[in-house]
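Colleague: Got a predicted structure here, sequence first:
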Amino acid sequence: MKHSHTRIWIHLIWCTKNRERCIFDNTALRIHNHLLQKAKSLNLPFEKLNIQPEHIHALINLPANKKLSKFTQNIKGESSNWINSKNLMKGHFSWQRGYGAFSVSASQYDIVKKYIGKQKEHHRKVSFKEEYQVWQEKYGVIGE
């Protein structure tokens, strides 16, 4: 092959510290816009991004020359500093340590993108805590 071609879809999820429900309305919109700009500046724009009060879902196409851990560290670290510098929250804001990152096959791309876009409706039926417990069992990450 003369050139390398990759399409590595990743569903990325991270939470506020202690899963505190603290991102609402205008603050969520400001954080959303900031994250979009930051990811674009890192040459890794979000395909889909959705902010919920205590967690974020994102879909990215990870280039072969980028490290997921580096991107996630940059996006989380810079955004928490930005949130604090703009005094968007009462007190000190931070993201919870770690994140979830799951590969998405091309056949599931549209389904995952739609799922991310409909988080508000989804969490009217199932809380994030309930979903997280099911997810841990389904993917075998209990106790990790």
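Modeller: Everything's here; your move.
Colleague: quick one: the helices in the chain?
Modeller: For the chain, the helices defined by DSSP state H occupy 25-41, 68-85, 109-117, 119-125, 128-139.
Colleague: Redo those helices as a markdown table? Include mean pLDDT and distance to residue 101.
Modeller: In this view, the C-beta of every residue, glycine as well, is placed from N, C-alpha and C. What follows is the helices of the chain, written out as a markdown table (pLDDT from 0 to 100; distance: least, CB to CB, whole Å):
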| stretch | mean pLDDT | distance to residue 101 |
| --- | --- | --- |
| helix 25-41 | 97 | 14 |
| helix 68-85 | 97 | 6 |
| helix 109-117 | 95 | 13 |
| helix 119-125 | 78 | 17 |
| helix 128-139 | 73 | 11 |
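Colleague: Format those as TSV; extra columns: mean neighbour count and distance to residue 19.
Modeller: Formatted as TSV, the helices of the chain follow (neighbours: other CB atoms under 10 Å; distance: least, CB to CB, whole Å):
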stretch	mean neighbour count	distance to residue 19
helix 25-41	15	16
helix 68-85	16	15
helix 109-117	15	18
helix 119-125	12	12
helix 128-139	12	7
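Colleague: so which of those helices gets nearest residue 54?
Modeller: The closest of the helices of the chain to residue 54 is helix 128-139. By CB to CB, the value is 5.9 Å.
Colleague: Residue 4 is nearest to which of the helices of the chain?
Modeller: Judged by CB to CB, the one of these that comes nearest to residue 4 is helix 68-85, at 17.6 Å.
Colleague: for the closest one, the distance to its chain's centre please.
Modeller: Counting by CA atoms, centre = their mean, to the nearest Å, helix 68-85 is centred 11 Å from the centre of its parent chain.
Colleague: helices or strands up against that helix?
Modeller: strand 9-15, helix 25-41 (3 or more CB pairs under 8 Å, 6 or more residues apart in numbering; DSSP states H and E).
Colleague: Nearest approach to residue 79 belongs to which of these?
Modeller: helix 25-41 (5.9 Å).
Colleague: ok and the closest one relative to helix 68-85, angle-wise?
Modeller: If you take axes from the mean of the first three to the mean of the last three CA atoms, to 10 degrees, helix 25-41 sits at 140 degrees to helix 68-85.
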